[in-house]
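Student: Structure of the sequence below:
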Amino acid sequence: MTKKIVVTGIGTSSPLGGTAPETWTALLAGESGAHTLTHDWVTELDLPVTFAAEAKVRPDEVLERQEIKRLDPMSQFGLIAAREAWEDAGAPEVDPERLGVDFATGIGGVWTLLDAWDTLKEKGARRVLPMTVPMLMPNAASAAISMRLGARAFARTDVSACASSTESIANAYDHLQQGLADVVLAGGTESAVHGITIGSFSAMQALSRRNDSPATASRPYDVSRDGFVMGEGAAVLVLETEEHAKARGARIYAELAGGGVTSDSYHITAPDPEGWGAARAVRAALAQADASVDDVTHINAHATSTPVGDIAEYKALHAVFGDRVHGIPVSATKASTGHLLGGTGALEAIFAILAIQNRLAPPTINLEQQDPEIPLDVVTTPRALGDGPQLVISNSFGFGGHNSVVAFRSV
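Tutor: Have a look, this model is predicted:
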C-alpha cells in the first residue's frame, strides 16, 4: 500500500537569508543574493568573473569553533540547515534506527581539498591536517547530520551535479515507502565559490560576466541572459509518513507526492536540446504522485539563465504539458539566489512547499525582455495561486545528463 509522505520541517542557509523564513521573505521582496566578491584571491587570480551569491549568514556566526575546525564549509552549511529543519519539525522523538539521512552535494569539500594541496606544496606533508580526507569527502555532510541527530537507519549521499539534492528528496520518498525509516532528513549543500570553480565555469562560458551589475546578472528567460551566477548554501526537509506525523501531532507543510529521476545519456555538460530526458523525469514524478498534467498549478523551474539550458527546459515542459504549459505560473528563483549547484534543488523544493503553504508563487527578478522562444507564463511579482488544491513541481538538471523532479501537493 502506498504511504502518504509529508513535509514537517524545513531549514536553509542561503544567499538570501540565514533561515527559511528569512530567505522566503527576501525572495518575495525581489531581493538578489549576488554581490561583488571582496576576497583577495579574486584579484590575485585575475578571475574573469568577480561576483557570486555567497550565503548571507556565515557559518562562524552560527556554529561552535570546534565544528568549524572539523567540517568543510559545505558540511557546515548542511549542518546549519539540518538543525533548523529539525527544530522546525519539533525535534521529533524517533528511534535512532528509524531515522535516516538522504543528503547530497554536487562537488563536495573543494575548499578543504585545495587548501590541503596548497599546504602540501608550501609546507610539506607533515603540515597537512589529519582530518583532511574526512572533511573533503562528499558524504561528510550526511555523516555530520547523522551524528548530530543520531540517525542510524542510514546516511546516504547523492552526487549528481545540480540535480543532486532533488534526487535525494526523490530517494527519501522511496526509502520511506520501502519502510526503511519513519523519518528522513533530505536535502543538499554546496560551498564552491572558489577560484578554481569560477575559473572552470567561466572557461566553458557557463557563468554570467555582468561584473558591473551582479544583482541583475541572473536573468532566466531574458533575451540577454548570458549564464548562471554561482551560489552557495544548503537546504533540508524533514520528511515522514503521514501516519507517523499525525501520531506525534506534527504540523504538516505539504505532501511530497512523488519524484522522478532520469538520465539524458547525451553530453557531459549540455542538456539534450529537445529535453526528452527532462520530460521523462516530469512524467515520472507525476505518475508517482498519481497526478495528471491538468493537476499542476505551479512550476519552480531549473532555469539557470543559460542560453541553451532555459530553452531545453521549456521544450521538456511543452512536451509534457502541451500548450497548457503557457498558462501555468512558472517561477525561476535562481534569478534571486544564484545557483547553489548540489544544494539548489532542495532550496527550490522549499520554495515550492512555501508556495503551497502561502498560496503564493514567488517572483522571477531581472526579466526585462522575455525570449520569444520561451513563451512561459513567468511570475515576475508574487502571484496568488488560489484556494483550490495545489500540485507544484520543482525541476533540477545537472551536468552528466542527470534529471530530477519532485512534486508536492497541498494537504
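
Student: Break down this structure into its helices, ranges please.
Tutor: For the chain, the helices defined by DSSP state H cover 20-28, 40-44, 65-70, 73-88, 110-123, 132-136, 140-149, 164-177, 195-203, 242-247, 276-288, 307-321, 334-337, 344-358.

Student: and those helices as TSV, adding mean neighbour count, mean pLDDT and distance to residue 381?
Tutor: Placement of C-beta: from N, CA and C, glycine included. Converted to TSV, those look like this (neighbours: other CB atoms under 10 Å; pLDDT from 0 to 100; distance: least, CB to CB, whole Å):
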stretch	mean neighbour count	mean pLDDT	distance to residue 381
helix 20-28	20	98	9
helix 40-44	11	96	34
helix 65-70	12	94	39
helix 73-88	27	98	28
helix 110-123	15	97	37
helix 132-136	19	97	42
helix 140-149	24	98	35
helix 164-177	27	98	26
helix 195-203	16	97	30
helix 242-247	16	97	34
helix 276-288	22	98	26
helix 307-321	21	98	20
helix 334-337	30	98	13
helix 344-358	27	98	14
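
Student: and the gap between the closest residue to residue 76 other than its chain neighbours and residue 65?
Tutor: Distances taken as CB to CB, 6 or more residues apart in numbering place residue 59 nearest to residue 76, at 3.8 Å, with adjacent residues excluded. Counting by CB to CB, to the nearest Å, the separation of residue 59 from residue 65 is 11 Å.

Student: now residue 271
Tutor: 43 Å.

Student: about what we covered before: roughly how far apart are the residue nearest to residue 76 and residue 80?
Tutor: 6 Å.

Student: from what I can see residue 189 touches residue 72, true?
Tutor: No - between residue 189 and residue 72 no contact is recorded; they are 9.6 Å apart, counting by CB atoms under 8 Å.

Student: what about these two, which has more around it?
Tutor: residue 189 (40 against 27; other CB atoms under 10 Å).

Student: Please give me every residue in contact with the more buried one.
Tutor: 74-75, 77-78, 81, 103-105, 141, 165, 233-235, 342-343 (CB atoms under 8 Å, 6 or more residues apart in numbering).

Student: again, only this time at 10 Å
Tutor: 12-13, 72-82, 103-106, 108, 140-142, 144-145, 164-165, 232-236, 340-343, 346-347 (CB atoms under 10 Å, 6 or more residues apart in numbering).

Student: ok, so what distance separates it from residue 322?
Tutor: 36 Å.

Student: do the same with residue 204
Tutor: 33 Å.

Student: Please name the nearest non-neighbouring residue to the spatially most central residue of the chain.
Tutor: Compute the mean C-alpha point of the chain, and by CA atoms, centre = their mean the closest residue is residue 344, 2.0 Å away. In space, and not counting its chain neighbours, residue 344 is closest to residue 162: 6.0 Å by CB to CB, 6+ apart.

Student: Specify the beta-bridge partners of the one you found.
Tutor: residue 160 (DSSP bridges).

Student: show me the contacts for the nearest residue to residue 317 once chain neighbours are set aside.
Tutor: By the measure of CB to CB, 6+ apart, the closest residue to residue 317 outside its immediate chain neighbours is residue 325, 4.8 Å from it. Residues counted as contacts of residue 325 (CB under 10 Å, 6+ apart) are 293, 296, 299, 314, 316-319, 375-377.

Student: Count the neighbours of the residue nearest to residue 344 for me.
Tutor: Neighbour tally, residue 162, other CB under 10 Å: 27.

Student: how about it, what does it touch?
Tutor: Counting by CB under 10 Å, 6+ apart, residue 162 has contacts 106, 188, 190, 228, 302, 304, 309, 339-345, 396-400, 402, 404.

Student: From the residues you listed, keep the buried residues only.
Tutor: Those of the contacts of residue 162 that meet the buried threshold are 106, 188, 190, 228, 302, 304, 309, 339-345, 396-400, 402, 404, by 16 or more other CB atoms under 10 Å.

Student: And the helices of the chain: which comes nearest residue 253?
Tutor: helix 344-358 (5.1 Å; CB to CB).

Student: and that closest one with helix 164-177, angle?
Tutor: Helix 344-358 runs at 70 degrees relative to helix 164-177, counting by axes from the mean of the first three to the mean of the last three CA atoms, to 10 degrees.

Student: quick check, distance from helix 344-358 to the centre of its chain.
Tutor: Relative to its chain's centre, helix 344-358 lies at 10 Å (CA atoms, centre = their mean, to the nearest Å).

Student: Report the angle between that helix and helix 73-88.
Tutor: Using the same axes, to 10 degrees: helix 344-358 against helix 73-88 is 20 degrees.

Student: CA atoms only for helix 344-358 - export them in PDB, please.
Tutor: The C-alpha trace of helix 344-358 is given here as PDB (Å, rounded to 0.1, in the frame of the first residue of the first chain):
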ATOM      1  CA  THR A 344      19.900  24.200  -5.300                       C
ATOM      2  CA  GLY A 345      17.200  21.600  -5.700                       C
ATOM      3  CA  ALA A 346      16.400  21.300  -2.000                       C
ATOM      4  CA  LEU A 347      16.200  25.100  -1.700                       C
ATOM      5  CA  GLU A 348      13.800  25.300  -4.600                       C
ATOM      6  CA  ALA A 349      11.800  22.400  -3.100                       C
ATOM      7  CA  ILE A 350      11.400  24.600   0.000                       C
ATOM      8  CA  PHE A 351      10.200  27.400  -2.300                       C
ATOM      9  CA  ALA A 352       7.600  25.000  -3.800                       C
ATOM     10  CA  ILE A 353       6.500  24.000  -0.400                       C
ATOM     11  CA  LEU A 354       6.100  27.500   0.800                       C
ATOM     12  CA  ALA A 355       4.300  28.500  -2.400                       C
ATOM     13  CA  ILE A 356       1.700  25.800  -1.500                       C
ATOM     14  CA  GLN A 357       1.500  26.800   2.200                       C
ATOM     15  CA  ASN A 358       1.200  30.600   1.400                       C
END
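
Student: Having no further points to raise, I will conclude here.
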